[in-house]
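**Q** Build me a model from this:
(2 chains)
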Amino acid sequence: MPEMPTGETPAARDPEAASPTSGPAGGPAARASATPADPGATGAPAPRPVLTKKERMQIQRQLMPEQLAEIRAGNFGEVNLGLTEQLAILEAERCLVCPKPYCIDGCPVRVNIPKFIGHLMEGDVRSAAISLLDDNALPCVTGRVCPQETQCEAVCLRGKTGKPVGIGYLERYVADWAMEHRDLLPAGRPAASGRTVAIVGSGPAGLTAAGELAKRGHAVTVFEAFHAAGGVLLYGIPEFRLPKDIVQAEVDRLVAAGVAIAPDSIIGKTYTLPELREQFDAVFVAVGAGLPIFMNIPGENLKGVYSANEYLTRVNLMGAWNPESDTPILKGKRVAVVGGGNVAMDAVRTARRLGADEAAIVYRRSRAELPARAEEVHHAEQEEIHFEFLTVPVRIVGDDQGWVAGLECVRTELGEPDASGRRRPIKIDGSEFVIPADIVIVALGTRNNPLLTSTSPDLRLNEWGYIQVDDNLQTSMPGVFSGGDIVRGAATVILAMGDGKRAAASIDAYLRGELPPSTVTSPRATEAGESTEASAGAPRPAVEPAAKVAPAAPTAV
Amino acid sequence: MHPIVEKTQLSPNVTRLVVTASRIAEIRRPGQFVIVRLGPGAERIPLTIADADPAAGTISLVIQAIGKSTEDLVALEVGGVIQDVAGPLGKPTELLESGHAVCVGGGVGTAVVYPIAQALHDRGVRVTSIIGGRSREWVIFEEELRRAGDVIVCTDDGSYGRHGFVTEALKDVCEAGGIDEVFAVGPVPMMRACSELTRPYGIRTTVSLNAIMVDGTGMCGGCRVSIDGRNQYACVDGPEFDGHQVDFKLLADRLTTYREFEQDALRRRHEELLRLAEARQLAEAH
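**A** Numbers count the residues shown, from 1 in each chain, chains lettered A, B, ... in the order given. The predicted structure is shown next:
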């Protein structure tokens, strides 16, 4: 490719290259065709001219090719198709390779972003892949589902005067290349440490910890309650946002690195946590926050009311989107989804793809407060999802056969900020109205699942039932660590991964006898009247207090 | 992977599969269940653990073939394999310490009360079992239950044992007095009738609810049932509840959620079997 002295790059000028591509076969095949076919295929560096800072500044941010909205709303193929090699290198060249890169600090797993982008702009995809995989156990996942706009890209210097570098796009490009060229990447296993670690839960926190610990030579077994590994990546995030073959490939890569997966193993039932602790040198608990929150309004037991957990699990994990699957799902013509987070967006866009003529988000605050990732909201709007802002449900209306017929709501206005810092919605009297609906999906978050914790009497929990940890993610049980949603309350994939990475470092130090004892005391020690000094004087919790995810009554508006 | 080591036809549509699942066999307790998934594309379905042999590392699953997924399961032969068996799930039965318990089983529910009757008997509780079926060939677990105490068999057509429903026999037993607890497991109308019957006598009555489930760990909320006006999850808070507090109407109604889908899946399965049979005949004819 010739040098780019002006900001008007061929790609930026060429509508074919930068505008959404489309096609009815927008599934895995389309994704594969969007990956490089030629020089990058060997990963060998191709000599490239070095651009000046001024030249870099003139390159415009590349657009992500995507399936056209009117086509993708009728299929489960991935929406984003991935950058081509040409687009990826152009985008990489926008990076100024800052000497003090803020982007690394913006990343919960501290990916060395300028390093992998630096290799990419030289055309050396292989080195970029090695660098990225060294920092991030699940880059194909994070490149697709991270809220980059509030993390790495939010602090990118280029964002000060224009659009930040498309770090997420580039991560996805390099990660997908690595997945398709595993034979070109180093595969050696480290010497065995002779230590064993059990990981409870195969979601983003558990898989990340598994990868990091395997890298250090520890024998890792991941226990999963479902029949397949991946956790929320599998049951929660839909195919059109994160294809399940990608999740499987990430799991396969960990298995190839020596990680053992034990499916159908419910810790708290099949084995208890104390039993696991006896059999392994250390345990990492990353079970997520499992129980769905309902609204506690009349009509919630009508047929056609789903928790988002159930709806998405049926469609994603059990494959109900595919007519060949034995697992049924109700397909509504009018679907109302209550909530404004990523899970709500996933549910409403899934309903659209399952044939809903009208699919609506019902959210009690305004567009500005939507907690969902910006790209998801944008995609939902493109797919003609209807938004009812400043609206809160008060009752689900049923027909005489016990099926959902509508969602009765009232309008709200925003008052003073509440504990979460967001303006509190206040009901407007007399504003009742009914949204006709045959399916209602409740996506208001989750709370702690007591299955594991209730069988672990030595595990200290906080007032919401989440596990208490210290700065090193140690729990009150020696050798037992915890992270992800069961510590934080419902958060994001990347925060869980950050915990997984930190926990792995702590566990490694613990196994080498180099970690100070946990500052969290056993609840039984306190009951017995022993000193509570350690917990009283404990340093600030290692993670943000889970205030925003406290299971406050969701009906209290 | 869980191989089938034994298969027995118990009644025209009830089959017992003895399946290898050593950890579950070792720790399961009466009242608990497993979630079974036959293989890729199959549903996850909850099945009560009817019996276990810790030494052999096996559990018994008693399956009523009423839909596509259950027909697929009972079509397995010895040596066949169930891919996933997860558990034991649910709370174990709260067992009496002493006294007299009545265990009422309707249809396939008889297999669910059997481990309860067995455990009660083992701890010295007097057990009277009342079991029923349409006719003699539909009565199951009679022999096993006789090892745990007295058994009253009822048939709708009078072809075996007492003529009539289990509720009529239960009424007589309640009238006789001295009953400390009733366990009733079977179709929803039967459990409702038993609970209504014991209410005036003030006899504690426990039922086991077969709500629709996906994960079995409390994650999906699909199995929510109304107990004393409050929602609970059958998978983690149950499956056993106080029958006097259960909203049976709601349970029965929610169980019909996927009826159309189930009928369609069953029809497609039968058409497929027919096609296969015709193809085989054709091949043999040539």
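**Q** now the closest residue to A:Q382 other than its chain neighbours: how far from chain B?
**A** If the residues on either side of it in the chain are set aside, A:Q382 comes closest to A:A69, at 3.8 Å by CB to CB, 6 or more residues apart in numbering or on different chains. For glycine as for every other residue, the C-beta is placed from the backbone atoms N, C-alpha and C. Going from A:A69 to chain B by CB to the nearest CB, to the nearest Å gives 29 Å.
**Q** do the same with A:A228
**A** In terms of CB to the nearest CB, A:A228 sits 9 Å off from chain B.
**Q** Checking my notes, that residue in a helix, right?
**A** No - looking at A:A228 with DSSP: H, G, I helix; E, B strand; the rest coil, it is coil, so not inside a helix.
**Q** burial count for it?
**A** 20 (other CB atoms under 10 Å in any protein chain shown).
**Q** ok, now A:T272?
**A** There are 17 residues near A:T272, going by other CB under 10 Å.
**Q** Please report how far it lies from chain B.
**A** 10 Å.
**Q** That residue contacts A:S456, correct?
**A** Yes - taking CB atoms under 8 Å as the definition, A:T272 is a contact partner of A:S456 at 6.8 Å.
**Q** In contact with the nearest residue to B:K68 once chain neighbours are set aside, which residues are there?
**A** Using CB to CB, 6+ apart and skipping the chain neighbours, the partner closest in space to B:K68 is B:A265 (3.9 Å). Contacts for B:A265 (CB atoms under 8 Å, 6 or more residues apart in numbering or on different chains) come out as A:D326, A:P328, B:G67, B:K68, B:S69.
**Q** Which one of those residues is nearest to B:S226?
**A** Nearest to B:S226 out of those is A:P328 (CB to CB; 22.5 Å).
**Q** Break chain B into its domains for me.
**A** Domains of chain B are assigned by automatic domain parsing as B:2-89, B:100-208.
**Q** close to chain A, is the longest one?
**A** Okay, so that is domain B:100-208. No - shown here: domain B:100-208 not in contact with chain A (CB under 8 Å from any CB of the partner chain), separated by at least 14.1 Å.
**Q** follow-up on the earlier one: now mean pLDDT too, for the domains of chain B, in a markdown table please.
**A** Output for the domains of chain B, formatted as a markdown table (pLDDT from 0 to 100):
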| stretch | mean pLDDT |
| --- | --- |
| domain B:2-89 | 94 |
| domain B:100-208 | 94 |
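**Q** what's the closest of the ones you listed to A:L254?
**A** domain B:2-89 (20.3 Å).
**Q** Find the centremost residue of the chain, please.
**A** All of this is about chain A. A:V493 (2.9 Å; CA atoms, centre = their mean).
**Q** was after chain B, sorry
**A** B:G109 (3.9 Å).
**Q** mind checking how far the top helix by length along chain A is from the chain centre?
**A** Secondary structure of chain A per DSSP state H: the longest helix is helix A:493-511. Between the centre of helix A:493-511 and the centre of its chain there are 16 Å (CA atoms, centre = their mean, to the nearest Å).
**Q** helices and strands around it, which ones?
**A** helix A:139-145, helix A:204-215, strand A:282-285, strand A:480-482, helix A:485-488 (3 or more CB pairs under 8 Å, 6 or more residues apart in numbering or on different chains; DSSP states H and E).
**Q** of those, which approaches A:E408 most closely?
**A** Taking the helices and strands packed on helix A:493-511 one by one with CB to CB, helix A:485-488 is closest: 31.6 Å.
**Q** quick one: buried residues of the lengthiest strand in chain A?
**A** Criterion DSSP state E: the longest strand present in chain A is strand A:404-417. Within strand A:404-417, the residues that qualify as buried are A:V404, A:A405, A:G406, A:L407, A:E408, A:C409, A:V410, A:R411, A:T412, A:L414, counting by 16 or more other CB atoms under 10 Å in any protein chain shown.
**Q** A:V362 is in contact with the fourth one, correct?
**A** Yes - taking CB under 8 Å as the contact criterion, A:L407 and A:V362 are neighbours in contact, 6.7 Å apart.
**Q** quick one: common contacting residues for these two?
**A** In contact with both A:L407 and A:V362: A:A336, A:V338, A:P393, A:I435, using CB under 8 Å, 6+ apart.
**Q** between the residues you listed, which is nearest B:E284?
**A** Using CB to CB, the shared contacts of A:L407 and A:V362 come closest to B:E284 at A:A336, 55.4 Å.
**Q** List phi and psi for that closest one.
**A** phi -110, psi 130 (degrees, to the nearest 10).
**Q** Quick one, grab the pLDDT at A:P28.
**A** A:P28 is assigned a predicted lDDT (pLDDT) of 38.
**Q** do the same with A:A44
**A** For A:A44, pLDDT reads 56.
**Q** next one: the one 10 residues further on
**A** At A:K54 the predicted local distance difference test score is 86.
**Q** Could you measure from it over to A:A92?
**A** 17 Å (CB to CB, to the nearest Å).
**Q** Also within reach of chain B: list those from the buried residues of strand A:404-417.
**A** For chain B, no contacts are drawn from the buried residues of strand A:404-417 by CB under 8 Å from any CB.
**Q** Distance to B:I45 added to those residues, as JSON lines?
**A** Formatted as JSON lines, the buried residues of strand A:404-417 follow (distance: CB to CB, whole Å):
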{"residue": "A:V404", "distance to B:I45": "25"}
{"residue": "A:A405", "distance to B:I45": "30"}
{"residue": "A:G406", "distance to B:I45": "32"}
{"residue": "A:L407", "distance to B:I45": "31"}
{"residue": "A:E408", "distance to B:I45": "35"}
{"residue": "A:C409", "distance to B:I45": "36"}
{"residue": "A:V410", "distance to B:I45": "40"}
{"residue": "A:R411", "distance to B:I45": "43"}
{"residue": "A:T412", "distance to B:I45": "42"}
{"residue": "A:L414", "distance to B:I45": "46"}
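**Q** Pull the most distant pair out of those residues.
**A** A:A405 and A:L414 (29.8 Å).
**Q** which residues does A:L83 contact?
**A** A:A34, A:Q62, A:M64, A:P65, A:E91, A:G166, A:Y169, A:L170, A:R172, A:Y173.
**Q** Can you report how many residues neighbour residue 188?
**A** I'll assume chain A. 5.
**Q** other chain: chain B
**A** B:V188: 18 neighbours (other CB under 10 Å).
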